[in-house]
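> Pasted the sequence and its predicted model underneath.
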Amino acid sequence: MSFFLAVCIALPLFSQARGKIDIPDLKGYVTLKCDFHIHTVFSDGKVWPTVRVDEAYREGLDAISITDHIEGTRNKSNILFISHNHSYNVAEFAAKNTGIIVIKGGEITRSMPPGHSNAIFLTDVDELDKPDYMDAYRAAKTQNAFIFWNHPGSESKSFGQPDTTLWWPEHAKLLEQGMLHGIEIVNGGKYFPEAHQWCLEKKLTMIGNSDVHAPMPVAAPGMHRPMTLVFARSATPEAIHEALFERRTAVYLNEFIIGEEKYLKELFENAVEWKIEKTDLKEELLVTVRNKSDLTFHLKKTNHDPRVVYFRNISIIPYTIAPQATQTFTVRLLDGISSGDVNFIVENFISEPNKGMKYTIKVRK
């Protein structure tokens, strides 16, 4: 190893404190914050692999996968290129004792169809360097990799996707042969509702990633990166691998959580505590809600018994529960009723394409 590479590998990672994102665990599972699509100078990224580990450490992530391009590697002809495995080797060494799990991966970068896909949990990325894309996917499958389709709804012509986002016959073939396990429903700042629907219909895992090439503070100034929330049995590579194949994920984009309703509902219920109290007014109840998480919730009332009055002054603007905050609102039970349902949608918990999650709180005098 050259002196230059040795110095770069040894750069300190603890210049800043370990970040923390408080998102509830689910029963029997820990919620791991992951980004499975990032790039370095070993393809078309702008930073050394150690920087990706440092960013993950500062941002409170639990796992990353560096997925440098296999085809069209910009640096393949220069002194940096050693092997498609090298970015992982550098990052994995740097991540020791940080708590960051680094998963070996690579991006199969082809025109549409089938487009770009990531394979993670590889043993040898070099084996994916094949002229025929099907041979590359077969090599990933042989290594028991988890394979997902990247940014299917991208409007960029460089990705070969037409104006209408399509599910191609090539994707059906990959799915049938066990070589497609998930889809990015979020890439960078973009949400792809068509991909969300495909995941629901075809039983594919929902994935969300940054696809970052620049330094993270430049790519996402003042915001958290998009990430996949993995509901794993433990914070280990093996548990993440199992959870991905079992489709236990949700996607975190800005203030949005996107995923299957059963996971979103449990996240919501584990994040908030409700306390309902009587007041001196016969018809009125005081509802206190405490948000124990770093998530934001935007609640919008829906069809309900008109004798149950709540969120009265915000019929258009959602009722927002801020992170780590305790808030109160009143519920009035009119016409002598003693109980009722407070119905609302958590607008930023997306359980179906572009649709918020329905929820009800029952109140009683």
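Okay, I see it. All of these numbers come straight from a predicted model, not from anything done at the bench.
> So, low pLDDT: which residues of the stretch 1-150 of the chain?
1-15, 72-81 (pLDDT under 70).
> now the stretch 201-350 of the chain
By pLDDT under 70, the weakly predicted segments of the stretch 201-350 of the chain are 219, 313-316.
> Tell me how many other residues crowd I103.
23 (other Cβ atoms under 10 Å). In this view, the C-beta of every residue, glycine as well, is placed from N, C-alpha and C.
> That one pairs with what?
Using DSSP bridges, the bridge partners assigned to I103 are S65.
> How about the contacts made by it?
Residues near I103 by Cβ atoms under 8 Å, 6 or more residues apart in numbering: 36, 63-65, 120-121, 237, 240.
> biggest separation within the residues you listed, which pair?
Maximum pairwise distance among the contacts of I103 (Cβ to Cβ): 12.8 Å, between I64 and F121.
> that older thread, what would the contacts of I103 look like in a markdown table with neighbour count and distance to M134?
Shown next, in a markdown table, are the contacts of I103 (neighbours: other Cβ atoms under 10 Å; distance: Cβ to Cβ, whole Å):
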| residue | neighbour count | distance to M134 |
| --- | --- | --- |
| F36 | 29 | 22 |
| A63 | 25 | 29 |
| I64 | 30 | 28 |
| S65 | 27 | 22 |
| I120 | 29 | 19 |
| F121 | 21 | 20 |
| P237 | 16 | 27 |
| I240 | 29 | 27 |
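> okay, now the nearest residue to H116 once chain neighbours are set aside: neighbour count?
Of all residues not flanking H116 in the chain, N150 sits nearest, at 4.1 Å (Cβ to Cβ, 6 or more residues apart in numbering). For N150, the count of nearby residues is 22 (other Cβ under 10 Å).
> wait, isn't N150 in contact with G188?
No - contact status for N150 versus G188: not in contact, 10.6 Å apart, counting by Cβ atoms under 8 Å.
> so what's in contact with those two at the same time?
D211.
> so the spatially most central residue of the chain bridges to which residues?
Geometric centre of the chain, nearest residue: T228, 2.2 Å, by Cα atoms, centre = their mean. Assessed by DSSP bridges, T228 has beta-bridge partners C34, V251.
> Pretty sure it sits against C34.
Yes - if you go by Cβ under 8 Å, T228 and C34 touch, sitting 4.7 Å apart.
> that older thread, quick one, what contacts the residue nearest to the centre of the chain?
So T228 contacts 34-36, 206-209, 249-252 (Cβ under 8 Å, 6+ apart).
> Distance of it relative to I70?
21 Å (Cβ to Cβ, to the nearest Å).
> Can you give the domain ranges for the protein?
What automatic domain parsing lists as the domains of the chain is 3-254, 272-364.
> Return the most buried member of those.
domain 3-254 (a mean of 19; mean count of other Cβ atoms under 10 Å).
> Go through the contacts of I103 and flag which are in helices.
When DSSP state H is applied, the contacts of I103 are split such that 237, 240 fall in helices.
> Distance to V342 added to the contacts of I103, as a markdown table?
Output for the contacts of I103, formatted as a markdown table (distance: Cβ to Cβ, whole Å):
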| residue | distance to V342 |
| --- | --- |
| F36 | 38 |
| A63 | 38 |
| I64 | 40 |
| S65 | 42 |
| I120 | 42 |
| F121 | 44 |
| P237 | 42 |
| I240 | 37 |
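> from memory F311 sits against F344, does it?
Yes - F311 lies in contact with F344 (Cβ under 8 Å); the separation is 7.4 Å.
> what touches both of the two?
Common contacts of F311 and F344, defined by Cβ under 8 Å, 6+ apart, comprise 299-301, 319.
> check contacts around the residue nearest to H116.
37, 107, 115-118, 184, 187, 211.
> Recalculate using a threshold of 6 Å.
116-118, 184 (Cβ atoms under 6 Å, 6 or more residues apart in numbering).
> Which residue ranges of the stretch 251-365 of the chain form helices?
261-271 (DSSP state H, counting those that start in this stretch).
> if we can go back for a sec, just the contacts of T228 now: which is nearest G336?
A250 (42.2 Å).
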